[in-house]
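>>> Please work out how this folds:
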Amino acid sequence: MKSVALLFLVVICGVAGWGQKLKPKKRSNGEEINFRTKTKDVCTMSMSGDEEMKLRIECKSQGKSYWCEYTGKPSVCRPFRNNPKLYWNQIAVELRKLPHACESTQVLKATMCQKAPADALMKQIAAGMEPEDLANQDKSVQKTSASVRGAGKSSVKKIGKPAILPLIKPTQHGQGSENETEAMKLAREHCWESLHGFCSYIIGIFRG
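Sure, this is the predicted structure:
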């Protein structure tokens, strides 16, 4: 009877151990941790990857945003494999002590992996900065250009076509008066007084 009970205990322990081996590893992919830097920048860090992890940090500060990415193999650190969530929380604690989450340090390391190999360190591979209101600036520029074009069209409509003035030929009034005076003078010299008007008319035709 004792041998049967002992065999039963061995079987139970074996099944329990086999279940522990099949238990999935603790993962931290897709998780996000929010924090604030020493200068009150609002930041979010997200993790992805398996053996080689990728850490992305995005922050907003005074109307602009900046970001950076780190990569490393923290899985070579045994404490990380046991509790990856604690590892990333310790990274966030270190980032909270910095004035700038991306420019203040090029290497991130957790307290629990201080003695781990150099591959376990998270090293910065990229960083950038972008104005937060860039899209709003583009929209305002487009609205301004559209309003300028509309104002140009309305001003053209108001001006309209220029008026065309008719050309006025100069009169020959002065020259005609001069010929008439000379004709009357000749008529008075060469014609009877009663025929002055007729003679001046005839002389004007021939001179004119």
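
>>> Could I get the pLDDT score of H190?
Model confidence at H190, given as pLDDT, is 78.

>>> Counting neighbours, what do you get for it?
H190: 11 surrounding residues under other C-beta atoms under 10 Å. Heads up, the C-betas are built off the backbone N, CA and C, glycines and all.

>>> I'd guessed it sits against S200; true?
No - look at H190 against S200 with C-beta atoms under 8 Å: they stay out of range, at 10.4 Å.

>>> Quote the end-to-end distance of stretch 107-120.
End-to-end distance of stretch 107-120 (C-alpha to C-alpha, to the nearest Å): 10 Å.

>>> In it, which residues are buried?
Buried residues in stretch 107-120, counted by 16 or more other C-beta atoms under 10 Å: L108, K109, A110, M112, C113, A116, A120.

>>> export those to JSON lines and tack on pLDDT?
As requested, the buried residues of stretch 107-120 are exported to JSON lines (pLDDT from 0 to 100):
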{"residue": "L108", "pLDDT": "94"}
{"residue": "K109", "pLDDT": "88"}
{"residue": "A110", "pLDDT": "92"}
{"residue": "M112", "pLDDT": "94"}
{"residue": "C113", "pLDDT": "93"}
{"residue": "A116", "pLDDT": "90"}
{"residue": "A120", "pLDDT": "92"}
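
>>> Just those: which are in strands?
L108 (DSSP state E).

>>> Of the buried residues of stretch 107-120, which is the nearest to Y66?
For the buried residues of stretch 107-120, the minimum distance to Y66 (C-beta to C-beta) is 16.0 Å, reached by L108.

>>> Am I right that the closest one is in contact with E69?
No - counting by C-beta under 8 Å, L108 does not reach E69; the two are 11.2 Å apart.

>>> Overlap in contacts, these two.
Common contacts of L108 and E69 (C-beta atoms under 8 Å, 6 or more residues apart in numbering): L55.

>>> returning to what we had before: can you add distance to M53 and give the buried residues of stretch 107-120 back as CSV?
Below are the buried residues of stretch 107-120 laid out as CSV (distance: C-beta to C-beta, whole Å):
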residue, distance to M53
L108, 11
K109, 13
A110, 12
M112, 15
C113, 12
A116, 13
A120, 10
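
>>> Tell me where the protein has strands.
32-36, 42-49, 53-61, 64-72, 107-108, 122-131.

>>> which one of those lies closest to A92?
In terms of C-beta to C-beta, the element of the strands of the chain nearest to A92 is strand 32-36, at 4.8 Å.

>>> strands paired with the closest one, and their directions?
Strand pairing for strand 32-36, using DSSP bridges, gives strand 42-49 (antiparallel).

>>> Let me know the angle separating the partner strand from strand 122-131.
Per axes from the mean of the first three to the mean of the last three C-alpha atoms, to 10 degrees, the angle that strand 42-49 makes with strand 122-131 is 130 degrees.
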